[in-house]
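Undergrad: Below are the sequence and a predicted model for it; my questions follow.
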Amino acid sequence: MSEVSMTVNGKPARGTIEGRTLLVDFLRETLGLTGTHVGCDTSQCGTCVVHVDGKAVKSCTMFAAEADGATVDTIEGQAAPDGTLNTIQQAFQDYHGLQCGFCTPGMVMSAAALLKENPKPTEAEVRSYLTGNLCRCTGYHNIVKAILAASGQDVTGIPGEIAAQ
Amino acid sequence: MYAFEIERPATIEDAVKALSAEEAQPLGGGQTLIPTLKQRLAMPSVLVSLTGIPAMRGICTDDAGRLCIGAATTHAEVAEGAGGFAGLAAMAAKIGDPAVRNRGTLGGSLANNDPSACYPAAALGSGATIVTDRREIAADDFFEGMFDTALDEGEIIAEVRFPVPEASAYAKFEQPASRFALVGAFVAKYPEGVRVAITGASENGVFRWTEAETALNGNFSASALEGLSVPADEMIGDLHGTPEYRAHLVGVMARRAVGAAR
Amino acid sequence: MPKDTPPDHGGIGASPKRREDVRFLSGTGNYTDDINLRGQAYVHFLRSDMAHGKINGLDLSEAVKMPGVLRIFTGEDFKSAGSIPCGWQVTDRFGQPMQEPRHPVLCETHVRHVGDPIAAIVAETLNEARDAAEAIGLDIEELPAVVDMRAALEDGATKVHDELTSNLCFDWGFVEENKQAVDDAIKAAAHVTTVELINNRLVPNAMEPRVAIGDFNRGTGESTLYTTSQNPHVIRLLMGAFVLNIPEHKLRVVAPDVGGGFGSKIYHYAEEAFCTYAAKALNRPVKWTCTRSEAFLSDAQARDHVTKIELALDKDNNFTAVRTSTLANMGAYLSTFAPSIPTWLHGTLMAGNYKTPLVYVNVRAVFTNTIPVDAYRGAGRPEATYQLERVIDKAARELGMDPIALRRQNFVTEFPYQTPVAVEYDSGDFNRLVDKLEAQADLGGFEARRKESEAKGKLRGLGVNCFIEACGIAPSNLVGQLGARAGLYESATVRVNATGGITVMTGSHSHGQGHETVFPQVVADMIGIDANMIEIVHGDTANTPMGMGTYGSRSIAVGGSAMVRATEKIIAKAKKIAAHIMEASDGDIELKDGKFTVAGTDKSLAWGDVTLAAYVPHNYPLDEVEPGLEETAFYDPNNFTYPAGAYACEVEVDPETGKVTIERFITADDFGNVMNPMIVDGQVHGGLAQGIGQALMENCTYNADGQLLSASYMDYCMPRADDMPFFVVDHSNGTPCTHNPLGVKGCGEAGAIGSTPTVVNAVVDALQSGGHKVDHVDMPVTPSRVWAAMQQG
């Protein structure tokens, strides 16, 4: 067992962990931040994506000990303190980019990382960036549309019920 | 996972020392090792994290013009910072997915030598030199078959030195599920000759396709490879492709890599 | 905000933003694994690593001494418990009931598939439970595994269950009386087209793995199960009554936020019964969280049919008969609804959209040493559609006919239409669907697009498909005759609060479908109030009426209808109250825009005035109605609903690698009336991705020893964002269902049902355009299979 401390969503967090404690377990179990999910055990589904020192990582494939001293951002820290959704979150709601909601935190965190690296991605770039995030509900259509909309691009040409921006 | 301790040394010397412990194992980005640990397929007592060693991170150019990349440099950092070697940067930019690329490391990939991984093709295809804590190993001597390398117990890769080619490209046909290479071809053209390395295909892991190299030495164009093929008998056959299919893809991917080389 | 988005308080036909989204987008959803109970212990299931074996003994002596172990359970502990029940009994061609083996909670004498649970270790921590599992001594004698269905039916084949006479679960014929006439029609046909195909086994793969937490309150004697279920009441009934013998009033089942189901979370699973039982035995909460690797070994799988279909046509290309013969894999045990899938949910759709007069469907269901198979999005209907639309497409090619013209020629055009396979279609307009498809899909521009693809060195193909499904499951009296051991009504309680707000408690369960948003739209529309005045409660047997849950595209058609009926009762009672207060007769009271008026007068009362009166009954017709305003309705449909569609897909095939990419996908669906177009779009999108996944990449594969080869996302290929195009989806101007109050048909499964033949037809078209003599490629149409097919000629 060892002590670990990090900054999570802007606040200091610490806890006692085993070597084998995954970052996601530390977030979910020690800190009670259950918005970050676990959907696979082979580092593919991306429901566990968080940002560590500003970069998207799969928190199920990183040990909590490796995040000692790091800055970690999770889905719980994305909205404003009063609960107002950020631009990406709001676009997911506006464009029906989620159904069951299980993949959603990882999708939002990946989208945030994408738009930080590439503020105006093309459709193909969005789809390529999401290859580490599986969604079984949406067919990705409205997720891609929401991310393009969140980047400020015109999505009126994209088919669907919610067509106009 | 079984229980283990994690050590995070700051120097290569400390890492080597930590790895001398019974059942100690190095931890790179963990993108393959952690899933393996979850299945309880490995039982280390100590994991020695190599990602916190500054000397093992970063990209520079040596006096010989080689691109020297610290073994703990992530795929994303190589994609971003190895622009002088376009084929290598583009290859790194296509490994796994963005989150995997932010953790996975060059050294981890080479040391694991997964027969479907991309980096072994880049290292072998460029005649890189693998610098460990104790020696230098030519890529041609490094890969010893599936999941097997010339590394000794407790030996860690510190850096890899890539000669920068005149033109290069990596063409990958992805295994649809894992997105590893079903077949990947790395082609690099050097003044002293062309190198072609194939990953994903062979039961013996990454290999140089010497017939293709010979053909390309005379004429560096995709058409030079027309009609060339590798025998199917040592190719991998699995859910995702027969040996014949993989043998066929070796030709296709090599031609595409040559066509894309710049 | 998108400017064409209707406001949040929209009624029927509007697309308000989903109210459930805020919690999911901010990480504050409440999924089962997010629940942790004080003092909970953890269970790890020791699962079989062999497909078939005889348990000679288990040595627990070391394991029970391991740190943290509370107790280790084996099959012995469940000797007196019931079998995990099957909810549907199929009667075979000869009038005999299907063979139905015992399905124990934990293995008793044998292991019958990889992943079969042998022992359950409950410990203080999950790691301690796993450590102890490794200390259990297993004496299991490996037996030959039965994997291939044909081999399973051979004389002398190893039996999956010793107590059964063979591996044949049943041999079903439908309609048996038509068999001879169908045989005769095929003999007499001018042309017969035959396709032999495999409908590949799938793993549903909801992104949330299953979780179960058992809890027992010694003070009240009540057991509670928190579980990832699509139908908590069904679990309560099956587990309480058939497995653990817990009366329903002492058993509560809670299914909170559930991360997708697609069918796989309908069934009652052993782990649920285990956690409920163990919590009582240990007097502690017991939690199980499935890993994805474990899900591959323990979630019900799907499809897995081997089929031969023959289509007979007369000299004028009219369909005269369809004969189809299928081997359907049940796996090692009968999952909850398994026998109904290849029979009643498959055979009854074999007329498709066509006036084929004679149909005969034979299905032999087979036990194998594989993970049980049950419903997955579409459930039987994708298997029916796939074979029918493949054989029609092949017939068109053989006859040199345009595939759309051949379909149009044979369409059913008058409704209601009694099919030769029992069901009666109430409404539809298949020609109009194809008209819409042709317009949306710009089929006229296909040749030009093909040329563009060819210029890039790619083959381009166009596939079309027309389909119909039976949804809104289902009329209880009918399914009872067909073997269902349950009713399939739905329930709703509408509770109007004193100040006018409404709480609707529904037996439907939302796990992505957006009920919390859509159901209020309906009630709001009926009363004429803001939808935000209405809240939906679901997923907890303690506070919802007995309901059958969500599957089979039934929520709005059956659950929505129950809610409408309950709301109608509310309105009728409210009118009585309003009539009393306004001193008018009931019949003169009108309710519009949330206001009661007396016809022909200027008297009016607001919604809230009447609801308040119901709870403060000072001026109230107490001799006529009781105080309060709360009504429950159970709705049992008198027919299935029949959504239909026409789909088109264009693919490109890379002739060098065999890789298929979806370039365009266009749908024209008839869902009847649409309550929320945005939600319906999303349902279609998701179904399409699952169907495209089945067609191109997903395949659950076992080796000859019964080992699962596609046991993780490393080998089971899930569709990703870059595998999909943007879809063009149209569901406007549907033909309303004639027998439910909303005129709705259900939209949840269409995409998965209609897409597989569309894709494969397109791939065959592409290959033929390249000169390849390929008339069928089995799903999934992977690059290696396409390449191999191209090598054949």
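TA: Nice, I can see it.
Undergrad: ok, how many other residues are close to C:Asp540?
TA: The tally of other residues near C:Asp540 (other CB atoms under 10 Å in any protein chain shown) stands at 18. Placement of C-beta: from N, CA and C, glycine included.
Undergrad: give the contact list for it.
TA: The contact partners of C:Asp540, taken as CB atoms under 8 Å, 6 or more residues apart in numbering or on different chains, are C:Pro232, C:Arg252, C:Val253, C:Val254, C:Ala255, C:Pro256.
Undergrad: Isn't the fifth one up against C:Leu225?
TA: No: with contact defined as CB atoms under 8 Å, C:Ala255 and C:Leu225 do not form a contacting pair (9.1 Å).
Undergrad: pLDDT below threshold where in chain A?
TA: Flagging of chain A using pLDDT under 70 yields the residue ranges A:162-165.
Undergrad: top helix in it by residue count?
TA: Within chain A, and with DSSP state H defining each element, the longest helix by residue count is helix A:104-117.
Undergrad: on contacts alone, who are the packing partners of that helix?
TA: With contacts defined as 3 or more CB pairs under 8 Å, 6 or more residues apart in numbering or on different chains; DSSP states H and E, helix A:104-117 has these neighbours: strand A:49-52, strand A:55-58, helix A:87-94, helix A:123-129, helix A:141-150, helix B:98-101, helix C:21-25.
Undergrad: how does it look with 10 Å?
TA: When contacts are defined as 3 or more CB pairs under 10 Å, 6 or more residues apart in numbering or on different chains; DSSP states H and E, helix A:104-117 packs onto strand A:49-52, strand A:55-58, strand A:71-73, helix A:87-94, helix A:123-129, helix A:141-150, helix B:98-101, helix C:21-25.
Undergrad: for chain C, what are the nearby residues on the stretch 101-250 of chain B?
TA: B:116, B:173-180, B:182-183, B:237-242, B:244-246, B:248-249 (CB under 10 Å from any CB of the partner chain).
Undergrad: out of the residues you listed, which are buried?
TA: Neighbour counting over those (16 or more other CB atoms under 10 Å in any protein chain shown) leaves B:116, B:173-180, B:182-183, B:239-242, B:244-246, B:248-249 as the buried ones.
Undergrad: Which of the residues you listed fall in strands?
TA: Judged by DSSP state E, the subset of these located in strands is B:Phe173, B:Glu174, B:Leu182, B:Val183.
Undergrad: so who does C:Lys595 touch?
TA: Residues near C:Lys595 by CB atoms under 10 Å, 6 or more residues apart in numbering or on different chains: C:Ile527, C:Gly528, C:Ile529, C:Ala578, C:Ser604, C:Leu605, C:Ala606, C:Trp607, C:Asp609, C:Val610.
Undergrad: Just tell me which of the helices and strands packed on helix A:104-117 ends up closest to C:Ala644.
TA: helix A:141-150 (22.0 Å; CB to CB).
Undergrad: Can you report how many residues neighbour the residue in chain A that chain B sits nearest to?
TA: Nearest residue of chain A to chain B (CB to the nearest CB) works out as A:Gly132 at 2.6 Å. Neighbours of A:Gly132 under the rule other CB under 10 Å: 23.
Undergrad: Quick check: phi and psi on it?
TA: Per-residue torsions, A:Gly132: phi -100, psi 10 (degrees, to the nearest 10).
Undergrad: Look up the closest residue to it, ignoring the ones flanking it.
TA: In this structure, A:Gly132 finds its nearest non-sequential neighbour in B:Asp97, 2.6 Å apart by CB to CB, 6 or more residues apart in numbering or on different chains.
Undergrad: Write out the residues of the stretch 251-400 of chain C neighbouring chain A.
TA: Counting by CB under 10 Å from any CB, the stretch 251-400 of chain C sits next to chain A at C:257-262, C:289, C:291-296, C:377.
Undergrad: related to what we said a few turns ago, and the residue of chain A closest to chain B, what is it in contact with?
TA: Listed by CB under 10 Å, 6+ apart, the contact partners of A:Gly132 are A:43-46, A:49, A:56, A:58, A:106, A:110, B:96-101, B:179, C:720-721.
Undergrad: any common contacting residues for C:Ala255 and C:Leu225?
TA: Jointly contacting C:Ala255 and C:Leu225 under the rule CB under 10 Å, 6+ apart are C:Thr32, C:Pro232, C:Ile235, C:Thr541.
Undergrad: Smallest gap between the stretch 101-250 of chain B and chain A, at which residue?
TA: The stretch 101-250 of chain B approaches chain A most closely through B:Asn102 (4.4 Å), counting by CB to the nearest CB.
Undergrad: Find the residue closest to that residue in space, skipping its chain neighbours.
TA: Counting by CB to CB, 6+ apart, the residue nearest B:Asn102 is A:Lys55, at 4.4 Å.
Undergrad: What separation do you get for that neighbour and B:Val78?
TA: 14 Å (CB to CB, to the nearest Å).
Undergrad: got it, and C:Tyr425?
TA: Following CB to CB, the distance that separates C:Tyr425 from B:Val78 is 60 Å.
Undergrad: Who has more neighbours out of the two?
TA: Neighbours per residue (other CB under 10 Å) separate C:Tyr425 from B:Val78, with B:Val78 holding more: 29 against 22.
Undergrad: pretty sure that one is touching B:Gly87, no?
TA: No: contact criterion CB atoms under 10 Å: B:Val78 and B:Gly87 do not qualify, at 11.5 Å.
Undergrad: Are there residues contacting both of the two? Which ones?
TA: Contact with both B:Val78 and B:Gly87 is made by residues B:Ala122, B:Phe162, according to CB under 10 Å, 6+ apart.
Undergrad: Can you classify C:Pro104 by secondary structure?
TA: coil (DSSP: H, G, I helix; E, B strand; the rest coil).
Undergrad: low-confidence ranges in the stretch 151-262 of chain B?
TA: If you take pLDDT under 70 as the line, the stretch 151-262 of chain B has no such spans.
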